[in-house]
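J.: here is a sequence together with a model predicted from it:
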Amino acid sequence: MSSISRRGVLAATAALGLLIAGQAFGSPAGAAEFTIAYQTGADPAKVAQAAGTYEAATKSTINWRKFDSGADVIAAIASGSVQIGYVGSSPLAAGASREVPIETIYVAALLGDAEALVVRNGSGIEKPTDFKGKKVAVPFVSTTHYSLLAAFKHWGVDPKSVEILNLRPPEIAAAFTRGDIDAAYVWDPALGKVKETGKVFTSSAEVAKWGAPTFDAWIVRKDFAKANPEIVAQFVKVTADSYADFAKNGATWTAASPQVAAIAKLTGAKPEEIPELLKGNKFPLLADQLSEALLGGGTVEAVTQTAAFLKEQGRIDAVLKDYGPYVSRAPAEQAAKLN
């Protein structure tokens with residue numbers, strides 16, 4: 001499995017932390033330059049990203065970098081080249097277990113049908129036991145990797161009987177089209193592409209019902225959050241405002257709307273598919289973030305359970321005694337006080 005070693009992560013963090021200290025850290029509030037890692041999933045906050053709302057609210061220069069997987073985001077944050085990043089619950093748990101200096105500041109999405117296991121037409125996969133001997137692609141240490149293993153466990157399928165391949169979403173779409181793989185568990189825009197020549201076998205909404213829910217989250221480097229609490233709070237507020245706008249006006253976010261056009265431009269998904277993709281996940285509001293179900297305790301429990309599963313599956317070396325230091329409600333509390 002392609003993964004980050006604890007030694008490598010800690011060494012990179014220590015070496016590059018000094019470099020970062022000379023950049024955004026210690027800058028006066030509202031005068032920083034920093035980098036945010038985003039992914040290609042459809043979410044309401046991409047409207048704010050496209051409009052430059054984050055830059056205006058934080059009075060900062062933001063370098064937006066697109067990543068194809070949460071594992072890559074964790075590696076970039078560990079190296080110090082990224083200060084805020086978007087990851088799934090599985091890479092979050094893996095990163096925290098390796099003691100990468102991160103804090104979860106916003107539960108960005110409770111994942112449902114926007115992530116799915118798709119089998120290729122003609123693959124011969126009609127029932128779970130048919131996966132034996134087949135090639136299934138997934139980005140390793142991602143939420144879909146976690147969901148795939150959870151689904152196999154639910155069905156009683158030995159993962160060792162399946163050839164599970166580590167591919168990034170763009171590689172998955174190409175391999176699926178060529179017929180090189182039999183199935184894939186992925187998110188958009190690759191999900192939309194593989195659906196063209198395959199059918200959905202299950203989704204993360206169904207896997208969640210089997211006891212393995214997944215979520216996406218915004219995380220921040222601890223030292224950046226400590227040096228720039230106002231900026232992080234403004235980041236949370238802009239995200240929350242975007243979600244509130246979608247909750248109130250989402251019915252008007254049609255394929256022809258400017259909001260969907262903005263999301264399509266950043267994600268690469270087809271505009272006509274985005275309204276349904278947005279319905280495929282739940283986007284928690286600021287009040288939800290502050291609740292016991294999320295940043296008030298539920299997220300710590302979810303990360304702990306995810307880490308335990310990853311350890312059971314041999315994906316991480318050890319489970320920490322306490323994941324509380326990797327979740328912070330403080331930015332959301334401060335955001336709630338902003339106008």
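T.: Structure received.

J.: surely residue 330 touches residue 236?
T.: No - the pair residue 330 / residue 236 is not scored as a contact, 9.7 Å apart, by CB atoms under 8 Å. In this view, the C-beta of every residue, glycine as well, is placed from N, C-alpha and C.

J.: and the strands in this structure, which stretches?
T.: 33-38, 61-66, 84-88, 102-110, 115-120, 135-138, 163-166, 183-187, 198-203, 215-221 (DSSP state E).

J.: to residue 252, which of those strands lies closest?
T.: Nearest of the strands of the chain to residue 252, taken as CB to CB: strand 102-110 at 20.4 Å.

J.: report all helices and strands that that closest one contacts.
T.: With contacts taken as 3 or more CB pairs under 8 Å, 6 or more residues apart in numbering; DSSP states H and E, strand 102-110 sits against helix 89-97, strand 215-221, helix 222-227, helix 229-249, helix 286-289, helix 298-312, helix 330-335.

J.: CA atoms only: put that strand into CSV for me.
T.: The C-alpha coordinates for strand 102-110 follow below in CSV (Å, rounded to 0.1, in the frame of the first residue of the first chain):
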residue,chain,number,x,y,z
ILE,A,102,-3.5,18.9,12.2
GLU,A,103,-6.9,20.0,13.6
THR,A,104,-10.3,19.3,12.2
ILE,A,105,-12.1,22.6,12.0
TYR,A,106,-15.2,21.9,9.9
VAL,A,107,-17.1,18.7,9.0
ALA,A,108,-17.6,19.5,5.3
ALA,A,109,-19.9,16.7,4.2
LEU,A,110,-21.5,13.6,5.5
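
J.: averaged pLDDT, that strand. What do you get?
T.: Mean per-residue pLDDT for strand 102-110: 97.

J.: that older thread, who's more crowded, residue 330 and residue 236?
T.: Neighbour count, other CB atoms under 10 Å: between residue 330 and residue 236, residue 236 has more, with 24 against 15.

J.: the closest residue in space to residue 123 that isn't next to it in sequence: what's it in contact with?
T.: Counting by CB to CB, 6 or more residues apart in numbering, residue 182 is the residue found nearest to residue 123 once chain neighbours are left out, at 4.0 Å. Residues in contact with residue 182 (CB atoms under 8 Å, 6 or more residues apart in numbering) are 119-120, 123-125, 134-136.

J.: from residue 151, how far off is residue 182?
T.: The spacing between residue 182 and residue 151, counted by CB to CB, to the nearest Å, is 15 Å.

J.: number of nearby residues for residue 333?
T.: Residues near residue 333, counting by other CB under 10 Å, number 15.

J.: before we move on, what about residue 159?
T.: For residue 159, using other CB under 10 Å, the count is 15.

J.: what's the closest non-adjacent residue to it?
T.: Nearest residue to residue 159, sequence neighbours excluded (CB to CB, 6+ apart): residue 152, at 5.2 Å.

J.: re the thing from before, highest mean neighbour count out of the helices and strands packed on strand 102-110?
T.: helix 89-97 (a mean of 29; mean count of other CB atoms under 10 Å).

J.: so where's the stretch 1-150 of the chain uncertain?
T.: Low-confidence segments of the stretch 1-150 of the chain, defined by pLDDT under 70: 1-31.

J.: likewise for the stretch 151-300 of the chain?
T.: Across the stretch 151-300 of the chain, nothing is flagged by pLDDT under 70.

J.: out of the strands of the chain, nearest to residue 291?
T.: With CB to CB, the closest approach to residue 291 among the strands of the chain belongs to strand 102-110: 10.0 Å.

J.: now the closest one against strand 84-88, angle please.
T.: 50 degrees (axes from the mean of the first three to the mean of the last three CA atoms, to 10 degrees).

J.: residues near the closest residue to residue 150 other than its chain neighbours, how many?
T.: Spatially, and ignoring its direct neighbours in sequence, residue 150 is nearest to residue 212 (3.5 Å; CB to CB, 6+ apart). Per other CB under 10 Å, the neighbour tally for residue 212 reads 20.

J.: quick check, residue 212 in contact with residue 144.
T.: No - Residue 212 is not in contact with residue 144 according to CB under 8 Å; the separation is 11.5 Å.

J.: list the residues that contact residue 299.
T.: Applying CB under 8 Å, 6+ apart to residue 299 gives the contacts 104, 107, 215, 217, 327.

J.: now, the most widely separated pair of the residues you listed?
T.: Largest pairwise distance in those, by CB to CB, is 11.9 Å, between 215 and 327.

J.: what sits against the closest residue to residue 60 other than its chain neighbours?
T.: Counting by CB to CB, 6+ apart, residue 60 lies nearest to residue 32, which is 4.6 Å off, once chain neighbours are set aside. Residue 32 is in contact with 24, 58, 60-61, 228, 231, counting by CB under 8 Å, 6+ apart.

J.: how about these, which pair is most distant?
T.: Across the contacts of residue 32, no pair lies farther apart than 61 and 228, at 13.1 Å, counting by CB to CB.

J.: any residues in contact with both of these two?
T.: Contact criterion CB under 8 Å, 6+ apart; residues shared by residue 61 and residue 228: 32, 34.
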